[in-house]
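Novice: Quick one, structure for this:
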Amino acid sequence: MRQGASTGSFKLGSLISIREARLGGFSMAEMLVVMLIMSFIVIGIPAIHFKKTELKTKRSSHGRYECYYDGSTLKEYYINEKGVETGPSAVTECKFSPPKNAIYFLIHAVGGGGGAANVAGSIIVNNKTESSSFRTPNDFPEWLRDVQGQGELPEVSSSPPVYNATRSGSYATVTYGKSGGAGKTVSIFFPRLTGVEIIMVPGKGGAKGQPGEKTNVKFKLSDGSIVNIIEAEGGTAGTGSGAFPLWLDGAGAMCSVKELVDRKFNQADFVTNIEMDEDTEMTTQLTADSVLAGSGGAGAYGVYTGTGNVTYTVNGTDVSAYVRKTTCDSPTLCDNDVAPSGGSCPAQAGRNGAVVILW
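Specialist: The predicted structure is shown next:
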């Protein structure tokens, strides 16, 4: 009897334990339902995340604002990346209110260029003959190397060979003035601008012999106070003159004068630094004179409008046809593509400054 009672008691206890275990856990069906709910939550998280991110980074269109001179008239121009534009409009002062949702701003300014030296260019032309003897090609002048390069050097019977070279004809001394310096380019980046108005006053280019004016960019704060942000210095005035000798073996000889480094137009790097992608809808008004904003004026120089005539011989043989002549576009026109007056191209003033804002 004791043994039978024990057996019945054990079975009852086991059933109670199994029932309690079932009540304390999940069935397979319940677990699947939980997993289904969790999958919906996981799938929904990215959509919620991207929606919030989109709201945080929502912005206005990128755009471009320009403050520049068209001749002597100050103008402003606005265009956004969709091609919507305002202006260009004539103003007495450039003012710009930054869009509130823009995420960055680049303010780019250049001072006015300096005027060239107040020196009148002149030219003196005479006939000249120059004779020299050469024993090795290492000593050849450039024109004789041209003849050698085309295989047209006359044969020489002497040993070592001696080349008696002569050039004779129009020889000039050109007086020129030195160019003005380019205005300084200054760029400042801002991650965001709120509660300010930007006021811009581009500097004027200097007259001949005069420096360019500085370009000023200021912030007008919400309380009405003014804060200086940029002062882009103007270019220095050109000073002094130089004399350049050359053989006038054709009109193209004047190209060598036009390309003199200390006389030629001194272009600023303003537009190069803000060059836009060619496929953008944000077109620029910085064309013609304004594309050269901040550049220093070119110096005056004397101009020879004839063709000139120089004869080259080696050991009595005329080799003029094998000497390379200098060529360039419009060699007898001045830097501004205007015909010279009285045998001279005048000194030029510096170009006006400008401001461009990108966002």
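
Novice: quick one: low-confidence parts of the chain?
Specialist: Applying pLDDT under 70 to the chain picks out residues 1-26, 28-31, 34, 40, 42, 44-60, 272-281, 287-291.

Novice: Could you list the buried residues of the strand ranked longest in it?
Specialist: Secondary structure of the chain per DSSP state E: the longest strand is strand 163-177. Within strand 163-177, the residues scored as buried using 16 or more other Cβ atoms under 10 Å are 163, 165-172, 174-177. (C-beta placed from N, C-alpha, C; glycine too.)

Novice: wait, doesn't residue 269 sit right on residue 183?
Specialist: No - the pair residue 269 / residue 183 is not scored as a contact, 10.1 Å apart, by Cβ atoms under 8 Å.

Novice: Same drill for the two, tell me which one is more crowded.
Specialist: Neighbours were counted for residue 269 and for residue 183 using other Cβ atoms under 10 Å; residue 183 has more, 38 against 13.

Novice: Put the alpha carbons of stretch 129-143 into CSV.
Specialist: Taking C-alpha atoms only, stretch 129-143 is exported to CSV below (Å, rounded to 0.1, in the frame of the first residue of the first chain):
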residue,chain,number,x,y,z
THR,A,129,74.9,95.4,-89.1
GLU,A,130,76.1,92.7,-86.7
SER,A,131,78.8,90.2,-87.6
SER,A,132,80.3,87.4,-85.6
SER,A,133,82.3,84.2,-86.2
PHE,A,134,81.4,80.9,-84.6
ARG,A,135,83.4,77.6,-84.4
THR,A,136,81.0,75.3,-82.5
PRO,A,137,77.2,75.0,-82.7
ASN,A,138,77.1,75.5,-78.9
ASP,A,139,77.9,79.2,-79.5
PHE,A,140,75.3,79.8,-82.2
PRO,A,141,72.7,82.5,-81.7
GLU,A,142,69.1,81.5,-81.9
TRP,A,143,68.6,82.5,-85.6
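
Novice: How far off centre is it?
Specialist: Relative to its chain's centre, stretch 129-143 lies at 43 Å (Cα atoms, centre = their mean, to the nearest Å).

Novice: got it, and stretch 137-148?
Specialist: When C-alpha coordinates are averaged (Cα atoms, centre = their mean), stretch 137-148 and its chain have centres 39 Å apart.

Novice: which residues touch it?
Specialist: The contact list for stretch 137-148 (Cβ atoms under 8 Å, 6 or more residues apart in numbering) reads 132, 134, 153, 163, 165, 167, 312, 314, 319, 322, 323, 324.

Novice: who touches the fifth one in this structure?
Specialist: Residues touching residue 165, when contacts are defined by Cβ under 8 Å, 6+ apart, comprise 131, 132, 133, 134, 141, 144, 312, 313, 314.

Novice: my guess is the fourth one meets residue 166, correct?
Specialist: No - counting by Cβ under 8 Å, residue 134 does not reach residue 166; the two are 11.5 Å apart.

Novice: okay, now residue 266: neighbour count?
Specialist: By other Cβ under 10 Å, the residues close to residue 266 number 28.

Novice: For it, grab phi and psi.
Specialist: phi -100, psi 90 (degrees, to the nearest 10).

Novice: Likewise for residue 305?
Specialist: As for residue 305, its main-chain torsions (degrees, to the nearest 10) stand at phi -90, psi 0.

Novice: Would you mind measuring the gap between the ends of stretch 330-347?
Specialist: End-to-end span of stretch 330-347 (Cα to Cα, to the nearest Å): 18 Å.

Novice: could you pull out the helices for the stretch 251-359 of the chain?
Specialist: Remark: helices assigned in the stretch 251-359 of the chain by DSSP state H, counting those that start in this stretch are 255-258, 270-273.

Novice: Tabulate those (a markdown table), appending distance to residue 335 and mean neighbour count.
Specialist: Conversion of those to a markdown table gives the following (distance: least, Cβ to Cβ, whole Å; neighbours: other Cβ atoms under 10 Å):
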| stretch | distance to residue 335 | mean neighbour count |
| --- | --- | --- |
| helix 255-258 | 7 | 19 |
| helix 270-273 | 18 | 19 |
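
Novice: Can you say which of those is nearest to residue 27?
Specialist: Judged by Cβ to Cβ, the one of the helices of the stretch 251-359 of the chain that comes nearest to residue 27 is helix 270-273, at 71.6 Å.

Novice: returning to that earlier point: which one of the helices of the stretch 251-359 of the chain lies closest to residue 87?
Specialist: For the helices of the stretch 251-359 of the chain, the distance to residue 87 is smallest for helix 270-273, at 18.6 Å, taking Cβ to Cβ.

Novice: Pull stretch 218-234 out as CSV, backbone CA atoms only.
Specialist: Output in CSV follows, covering the C-alpha atoms of stretch 218-234 (Å, rounded to 0.1, in the frame of the first residue of the first chain):
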residue,chain,number,x,y,z
LYS,A,218,30.9,94.1,-44.2
PHE,A,219,28.2,92.4,-42.1
LYS,A,220,25.3,94.5,-40.8
LEU,A,221,24.1,92.7,-37.7
SER,A,222,20.5,92.5,-36.4
ASP,A,223,21.2,95.3,-33.9
GLY,A,224,22.3,97.6,-36.7
SER,A,225,26.1,97.4,-35.9
ILE,A,226,28.6,97.0,-38.8
VAL,A,227,31.5,94.5,-38.7
ASN,A,228,34.3,94.5,-41.3
ILE,A,229,34.8,91.0,-42.8
ILE,A,230,37.0,91.4,-45.8
GLU,A,231,39.4,94.1,-46.9
ALA,A,232,41.0,93.0,-50.2
GLU,A,233,43.8,95.4,-50.9
GLY,A,234,44.1,97.1,-54.3
